[in-house]
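K.L.:
A structural model of the following input is requested.
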Amino acid sequence: FTNIGAKIHLSFFTLPMCRFIVHKDFTDLEKKLNLGLALPNERGDALVNYGVGGMWQYDSPNFMKYSLEIITPYPAIGKIKGSIEFSNDKERDTSYLQAYLKYSNKTEIRATSVLNRNAVRFNIDSTYEIIKKININGTFMNK
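P.N.:
Numbers count the residues shown, from 1 in each chain. Predicted coordinates for the structure are as follows:
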């Protein structure tokens, strides 16, 4: 964990008092890296936080997981989050894919899919008015 405060005033560049934050954790299966920046608000009496965080796990071509989070100081947006996870079960000859996106305090989308030798299933659940729910199921026919 690193927390650095800085204030720079040069003839060609001025950086007001701010704080940089770097946090990395590579000790677990899920590797994490977070970067933060706190800048003064317009009045200069408080710091406003921005940040980016990422997590990843790659065990093999049969399992991988990635996520990203963006922190904004804007209440209408809040945190923007996205993730994707893939897994493959060789014994069942089945692959799974899940995705998630949240890009405002009111909008979330989740998608899941399952694919195997005989069938496919795809689902979307969302708070977005245009795409509330989508379900696609199918069976493959061998000729």
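
K.L.:
Please count neighbours and contacts with C-alpha atoms only from this point.
P.N.:
Fine.

K.L.:
Now Lys106. Its backbone dihedrals?
P.N.:
phi -110, psi -10 (degrees, to the nearest 10).

K.L.:
Quick one: residues contacting it.
P.N.:
Thr127 (Cα atoms under 8 Å, 6 or more residues apart in numbering).

K.L.:
And it, how far from Gly78?
P.N.:
10 Å (Cα to Cα, to the nearest Å).

K.L.:
Now Arg92: which helix or strand?
P.N.:
For Arg92, there is no helix or strand it lies in under DSSP states H and E.

K.L.:
neighbours of the closest residue to it other than its chain neighbours, just the number please.
P.N.:
Counting by Cα to Cα, 6 or more residues apart in numbering, Arg92 lies nearest to Asn116, which is 7.8 Å off, once chain neighbours are set aside. Counted by other Cα atoms under 10 Å, the residues lying close to Asn116 total 17.

K.L.:
What residues are bridge-paired with Asn116?
P.N.:
Thr94 (DSSP bridges).

K.L.:
Just the pLDDT at it, thanks.
P.N.:
Per-residue confidence (pLDDT) for Asn116: 92.

K.L.:
give the contact list for it.
P.N.:
Per Cα under 8 Å, 6+ apart, neighbours of Asn116: Arg92, Asp93, Thr94, Ser95.

K.L.:
change it to 7 Å
P.N.:
For Asn116, the contacting residues are Asp93, Thr94, Ser95, by Cα atoms under 7 Å, 6 or more residues apart in numbering.

K.L.:
Please pick the buried ones from those.
P.N.:
Thr94, Ser95 (16 or more other Cα atoms under 10 Å).
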